[in-house]
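In: quick check, what structure comes out for this input:
(2 chains)
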Amino acid sequence: SQTIHQWPATLVQPVGSPLSLECTVEGTSNPNLYWYRQAAGRGLQLLFYSVGIGQISSEVPQNLSASRPQDRQFILSSKKLLLSDSGFYLCAWSSHLSGTVDNEQFFGPGTRLTVL
Amino acid sequence: KNQVEQSPQSLIILEGKNCTLQCNYTVSPFSNLRWYKQDTGRGPVSLTIMTFSENTKSNGRYTATLDADTKQSSLHITASQLSDSASYICVVTRNTGGFKTIFGAGTRLFVKA
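Out: Next comes the predicted model:
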């Protein structure tokens, strides 16, 4: 069965510090991978998605970047955190099967980031 | 503009009661609509999916409906339980090259004993 891991679960960082959040998926190959941010009481905002190694698409301009060094590894980074980067970060994966409309996304447990 | 709007923003009901959550969308071209349940501090989990030709789908006490003509969907929860307290998110996917999923802001449901 497929599983998705995220770490750390919680993180408190000072403004201006760097960030690295990691997401790994097990039990599937060549998944689509996603990074979302959810501000308190708000909906999910898609930050990045990836259809393959080294292929990253950004949905919104921001202070963050993403990388996919391996097929099932997705990393969210920042060189200098801002207060506005605080939020709940979720990684997700979906099947890369072509022709399917069942594009259910499976979410990880999330990382709660607080920037002080 | 492709948007998904949900109402109400939040809802409080007593345990055992029924409730209905609404989702209106302006997404085109339409591929499918999903309802997700998100427990506090957790990732969302899919409850139902409906394509253009489906107008109702059940998953236990959850029943989703879809009216593709009016671009409306609802999620009906029957005999609510305390564990139903969560955010319910409507997600619409466009039938376009690649993929494009658009998330609603969610309805926060509180079930009280």
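
In: residue A:60: neighbour count?
Out: Residues near residue A:60, counting by other CB atoms under 10 Å in any protein chain shown, number 10. To be clear about C-beta, it is placed using only N, CA and C from the backbone, and glycine gets the same treatment.

In: how about the helices in chain B?
Out: Under the criterion DSSP state H, helices are not mapped anywhere in chain B.

In: quick check: buried residues in stretch A:30-43?
Out: A:31, A:32, A:33, A:34, A:35, A:36, A:37, A:38, A:43 (16 or more other CB atoms under 10 Å in any protein chain shown).

In: inside strands: which ones of these?
Out: Helix and strand membership here follows DSSP state E; of the buried residues of stretch A:30-43, those in strands are A:32, A:33, A:34, A:35, A:36, A:37, A:38.

In: list the contacts for the fourth one?
Out: Spelled out, that is residue A:35. A:23, A:46, A:47, A:48, A:49, A:66, A:74, A:76, A:89, A:90, A:91 (CB atoms under 8 Å, 6 or more residues apart in numbering or on different chains).

In: just the strands in the chain please.
Out: Using chain A here. Counting by DSSP E, one finds strands in chain A at the ranges A:3-7, A:10-13, A:19-26, A:32-38, A:44-52, A:55-58, A:65-70, A:73-78, A:87-94, A:106-107, A:111-115.

In: nope, chain B please
Out: Counting by DSSP E, the strands of chain B are B:4-7, B:10-14, B:19-25, B:30-38, B:45-51, B:56-59, B:62-67, B:72-77, B:86-94, B:101-103, B:107-112.

In: from the contacts of residue A:35, list the ones also adjacent to chain B.
Out: With the criterion set as CB under 8 Å from any CB of the partner chain, the members of the contacts of residue A:35 near chain B are A:46, A:90.

In: between the contacts of residue A:35, which is nearest residue B:102?
Out: Sorting the contacts of residue A:35 by how near they are to residue B:102, with CB to CB, puts residue A:46 at the top with 8.9 Å.

In: tell me where the model's unsure across chain B.
Out: When residues are selected by pLDDT under 70, those of chain B lie in B:97-99.

In: near chain A, which residues of it are found?
Out: With CB under 8 Å from any CB as the criterion, chain B comes near chain A at residues B:31-32, B:34, B:41-46, B:49, B:51, B:89, B:93, B:95, B:98-99, B:101, B:103-106, B:108.

In: mind doing that once more with 10 Å?
Out: Within chain B, the positions adjacent to chain A are B:4, B:6, B:9-10, B:31-32, B:34, B:36, B:38, B:40-46, B:49, B:51-52, B:87, B:89-91, B:93, B:95, B:98-106, B:108 by CB under 10 Å from any CB of the partner chain.

In: now those: which count as buried?
Out: Buried subset of the residues of chain B next to chain A (neighbour count, 16+ other CB under 10 Å): B:4, B:6, B:31-32, B:34, B:36, B:38, B:42-44, B:46, B:49, B:51, B:87, B:89-91, B:93, B:99-106, B:108.
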